[in-house]
Structure formats: C-alpha cells, structure tokens
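Asks: need coordinates for the below:
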Amino acid sequence: MSSEHKVQLQPAYLLHRKPYRDTSLLLELFSRDHGRIGLIARGARGAKSKLKGVLQPYQPLLVSWSGRGELQTLTSAETEGSALFLQGDTLASGFYLNELLMRLLARHDPHPDLYHIYHSTLQRISANHDIEWALRLFERDLLQELGYGLLLNHEGRGGVEVVPEGRYCYYHESGPQRMHGEEGGRLTVSGETLLALAQGRCEVPQLRRESKLLMREVLARYLGNRPLASRELFRQKRPKRNEETGVE
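Replies: Next up, the predicted model:
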C-alpha cells in the first residue's frame, strides 16, 4: 500500500469548483510544482467555513493537501497576495485560460514554467493590457509546454527559413510549407504572421486575425469536438466584441 502523500503550502490557482455532498467542494487547481490536481475541500460550504472567501478563481493561493490516489483532501488554504479583479472581457478571458488548462492538462503532470506563464498572463489581462495578444502567446506557450509546440521560423520539410513575404499552409504533422499555387480548402497564413508569433510581437490587425485562426485550428486538434464553454459565452453575450478579445 502506498504511503499518504502530503504537500505543504504549495502555490496554486483555483481553476474550477463544484458542490460535493452536503457542505464540501470538489476543486481543480493548477499548482506550481504538481500541475493540475483534484482535491476535496471538506466542509468548505459550511456556514462557519473560513474557506469561502479564499477558494476563489484568480486568487493566488498557498494550499496544503494529503491523501492517496487521484483525488486527495485539502488540509489548508490561504491567500498569497491580492486577488486579481476581472470583469467583463477580462473575466471571460480568464475563464478561457482556465478552461484550456482544464481540458488540456493531465492531472499530476508538473509544468512549473507554464504556472509562471499563467500567472503573468493573468496579470496582463487584469491590467487590460492587450488581452487579445496575451491570449495568443499563452496558447503558443501552452502548446509548447505540452510537447505540441508550433514550428514558426522554418518550413517543416527541408528546414528553409520562413520569409515574411511568403504564404504558408500549416500542417500539424510537419509545420509550415510555403505555397507555390492554390491550396483549396486549407488555412493559409503569411510568413509575417508566423514570425510575429515566434517573436511574440505583433501590432498589425491582419496578422493578429491570422494568428487567431491558426491557433484555433491547431488547438482544435487537441481539444476534440466538444466546444469550449468560454467561446459559447462570448457568442451569446458579446457577439460584437469577440474580435477585440480574441477568445471566440
């Protein structure tokens, strides 16, 4: 029999929570050193629980837990610094980040670099600083962390450098391939778009639109057929703002 696993004061963010039994919660958290974890917070919905104001999304936490197996038990949680204030478009963008992590991260698979990227992306979103591009870079870095990183500087076959004036088809298996004629039915992007994603800088609206389409197509391969609730939320509530936020 395996020994009980104990973790103390681990930096983490709450990704999702739902009621469990009479007064408890089922939590999904993204921790710095242990990746995505599932915990039971016993009594967290009770009238006298001190956790009600602590277990909130976008609040840096220090959490402790123990137990065996896939689902363990929260033993303590406290805030670490101030909660980020998200509303409107920033709230929907934070929801999108959390949903990507919930859908794409396996439990107990550590990604400390991604944890810091997530933290800094939330900071940028909460400051309402170029949300659309912050989401593109998070998508890029998330895929890289998962081992599905995009090839952006070179063609997939032959290793020829991508040139800004070129037009490229992006193939999941091999990366970008320069077009030398019509490619009916396939998404194409400019070399300038690929290089902007690689360099992390982009001020041109057309390149941003291409980046969003490219990232959406690549992510769809790993997300499967079930739609993202965050995208549906944007379609229903703010159909005219999707282009600005870059979520839809």
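Asks: skipping adjacent residues, who's closest to Y20 in space?
Replies: Distances taken as CB to CB, 6 or more residues apart in numbering put L26 closest to Y20, at 4.4 Å, once the chain neighbours are dropped. To be clear about C-beta, it is placed using only N, CA and C from the backbone, and glycine gets the same treatment.
Asks: show the model's pLDDT score for that neighbour.
Replies: pLDDT for L26: 97.
Asks: just Q236 next, same as before
Replies: 65.
Asks: what's the offset of the longest helix seen in the chain from the middle of its chain?
Replies: Longest helix of the chain, by residue count under DSSP state H: helix 205-223. Here helix 205-223 is found 14 Å from its chain centre; the criterion is CA atoms, centre = their mean, to the nearest Å.
Asks: what residues does that helix touch?
Replies: For helix 205-223, contacts defined as CB atoms under 8 Å, 6 or more residues apart in numbering pick out 100, 103-104, 132-133, 136, 139-140, 143, 146, 148, 150, 170, 172, 187, 189-190, 192-193, 196-197, 202, 243, 246.
Asks: send the alpha carbons of the lengthiest strand in the chain over as CSV?
Replies: Longest strand in the chain, counting residues (DSSP state E): strand 5-20. Provided in CSV are the C-alpha atoms of strand 5-20 (Å, rounded to 0.1, in the frame of the first residue of the first chain):
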residue,chain,number,x,y,z
HIS,A,5,1.0,11.9,0.1
LYS,A,6,1.4,15.3,1.9
VAL,A,7,2.1,18.7,0.4
GLN,A,8,2.5,21.9,2.3
LEU,A,9,1.9,25.5,1.3
GLN,A,10,2.1,24.9,-2.5
PRO,A,11,1.5,28.0,-4.7
ALA,A,12,-1.7,27.4,-6.7
TYR,A,13,-4.7,28.9,-8.5
LEU,A,14,-8.2,27.6,-8.5
LEU,A,15,-9.4,26.5,-11.9
HIS,A,16,-12.8,25.1,-11.1
ARG,A,17,-15.0,24.1,-8.2
LYS,A,18,-18.4,22.4,-7.7
PRO,A,19,-20.5,21.3,-4.8
TYR,A,20,-19.8,17.9,-3.3
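Asks: just the buried positions in it, please.
Replies: Across strand 5-20, burial judged by 16 or more other CB atoms under 10 Å covers V7, Q10, P11, A12, Y13, L14, L15, H16, R17, Y20.
Asks: got it, and stretch 223-230?
Replies: Buried-residue list, stretch 223-230, by 16+ other CB under 10 Å: L228, S230.
Asks: report the distance from it to the chain centre.
Replies: Put simply, stretch 223-230 sits 13 Å off its chain's centre (CA atoms, centre = their mean).
Asks: all strands of the protein, in order?
Replies: Using DSSP E, strands in the chain cover 5-20, 24-31, 35-41, 61-67, 71-79, 167-171, 175-178, 188-190.
Asks: reformat those as CSV; add distance to L213.
Replies: Output for those, formatted as CSV (distance: least, CB to CB, whole Å):
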stretch, distance to L213
strand 5-20, 26
strand 24-31, 27
strand 35-41, 28
strand 61-67, 35
strand 71-79, 38
strand 167-171, 10
strand 175-178, 14
strand 188-190, 7
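Asks: between those strands, which one is nearest to Y96?
Replies: strand 5-20 (11.8 Å; CB to CB).
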